[in-house]
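>>> Next input, structure requested:
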Amino acid sequence: MRKGWLQFLLAFLLIAVGIILVLENLGVIEKTLYFSWGIIIAACLTIIGLKLWWDRITGNGGSWMAGSFLFIYGVLVLLGKVNVIPFTFGDVLQLWPLLFIYIGFGIFLGGSKPKFRVEVDTNGGDGKAAKKKHKKQHMVIGDHQYTADNWKVEPMELRNVVGDYHFDFTKAFIPEEDTPISVKGWAGDIKMLMPEHLEFRIEAFVKAGNISILGKKTDGINRTVSYETPGYQEATRRLTVAIELKAGDIRVDKV
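Down below sits the predicted model:
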């Protein structure tokens with residue numbers, strides 16, 4: 001873990017201990033410090049689980065399996081400490097059915113899948129495009145609209161867990177260069193509207209769902225569609241798009 005995260009955890013522990021001790025001294029709670037430490041440990045497990053899960057979502061390492069287990073375990077212990085359910089630290093073996101859930105998700109989300117790499121072609125150019133940084137956006141839940149008049153197209157790496165994307169490139173300002181766009185998500189719909197004379201290439205993959213690119217359709221499990229306009233290779237003003245979804249629909253139309 002990084003230093004910032006350790007500092008955050010230490011700060012949380014100190015704040016939690018201080019609050020609990022104040023409440024004990026005021027007689028608000030009548031528990032021993034030993035009991036209070038049980039709550040603190042359970043809370044720390046919950047927070048660490050969330051951190052691991054969030055790091056996995058945002059592509060900064062982490063583990064959704066370990067994160068979700070620690071989160072569930074910590075929450076159950078906390079509920080047991082406040083007498084909501086009968087659960088203690090020693091009841092961890094009762095969570096063994098989670099193995100089936102993890103195996104199921106591993107089968108659904110795992111397996112081989114195409115690896116998309118979006119590159120900017122700078123041959124014959126001045127190399128400025130190679131130095132251009134991608135706009136990165138990591139969200140958990142939410143919809144995203146790129147439909148404003150004259151919105152500026154720039155290199156993008158977009159990540160989402162649940163949510164829809166709508167791109168209207170007919171209203172966009174598209175620079176005279178190869179602009180890479182990468183969109184990844186777990187569940188949602190992605191729609192793109194291309195102008196008539198724009199050159200582009202699209203690599204689309206969906207684990208379970210539908211893909212429709214200019215009338216070229218496919219649906220089912222582990223579906224991939226690749227499309228490239230006739231003048232893409234020679235064009236200086238073009239889009240290079242990679243889309244990857246676990247579940248959902250991908251649709252690209254042209255007007």
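>>> Unless I misread the structure, Thr179 falls within a helix.
No. Counting by DSSP: H, G, I helix; E, B strand; the rest coil, Thr179 is not found in a helix; it is strand.
>>> Show me what it is bridged to.
Beta bridges link Thr179 to Leu239, judged by DSSP bridges.
>>> Kindly state the pLDDT recorded for it?
For Thr179, the pLDDT comes out at 95.
>>> Please name the residues that touch it.
Going by C-beta atoms under 8 Å, 6 or more residues apart in numbering, Thr179 touches Val120, Val153, Glu154, Pro155, Arg238, Leu239, Thr240. C-beta here means a position set from N, CA and C on the backbone, and glycine is covered the same way.
>>> buried set for stretch 149-156?
Neighbour-count burial for stretch 149-156 flags Trp151, Val153, Glu154, Pro155, Met156 (criterion: 16 or more other C-beta atoms under 10 Å).
>>> Make TSV out of those and add distance to Ile47 and pLDDT.
Shown next, in TSV, are the buried residues of stretch 149-156 (distance: C-beta to C-beta, whole Å; pLDDT from 0 to 100):
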residue	distance to Ile47	pLDDT
Trp151	38	94
Val153	39	94
Glu154	35	94
Pro155	34	94
Met156	31	92
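>>> This protein: helices as residue ranges?
Remark: helices assigned in the chain by DSSP state H are 3-25, 33-57, 64-81, 98-109, 128-131.
>>> Please parse the chain into its domains.
Domain assignment of the chain by automatic domain parsing yields the ranges 3-109, 128-254.
>>> Buried deepest among these, which one?
domain 128-254 (a mean of 17; mean count of other C-beta atoms under 10 Å).
>>> Now tell me which of the helices of the chain the model trusts least on average.
For these, the weakest mean pLDDT is recorded on helix 128-131, namely a mean of 43.
>>> show me the contacts for the residue nearest to Ala66 when sequence neighbours are not counted.
In this structure, Ala66 finds its nearest non-sequential neighbour in Leu52, 5.4 Å apart by C-beta to C-beta, 6 or more residues apart in numbering. Listed by C-beta under 8 Å, 6+ apart, the contact set of Leu52 reads Gly62, Ser63, Trp64, Ala66, Gly67, Leu70.
>>> mind redoing it with 7 Å?
Applying C-beta atoms under 7 Å, 6 or more residues apart in numbering, we find Leu52 in contact with Gly62, Ser63, Ala66, Gly67, Leu70.
>>> I'd guessed Lys171 sits against Tyr146; true?
No. Taking contacts as C-beta atoms under 7 Å, Lys171 lies outside contact range of Tyr146: 8.7 Å.
>>> anything in contact with each of these two?
Here Lys171 and Tyr146 have no joint contacts, going by C-beta under 7 Å, 6+ apart.
>>> hmm, back to that, quick check: of the contacts of Leu52, which lies closest to Arg201?
Checking the contacts of Leu52 against Arg201 by C-beta to C-beta gives Gly62 as the nearest, at 31.8 Å.
>>> Pro180 against Pro155, yeah?
Yes. In this structure, Pro180 is within contact of Pro155 by C-beta under 7 Å, at 5.1 Å.
>>> I'd like to know how far the closest residue to Trp151 other than its chain neighbours sits from Leu50.
Using C-beta to C-beta, 6+ apart and skipping the chain neighbours, the partner closest in space to Trp151 is Ala172 (5.2 Å). From Ala172 across to Leu50, the span is 37 Å (C-beta to C-beta, to the nearest Å).
>>> Equivalent analysis for Lys207, please.
Plainly put, Lys207 is 25 Å away from Leu50 if you go by C-beta to C-beta.
>>> Also Glu228?
According to C-beta to C-beta, Glu228 and Leu50 sit 42 Å apart.
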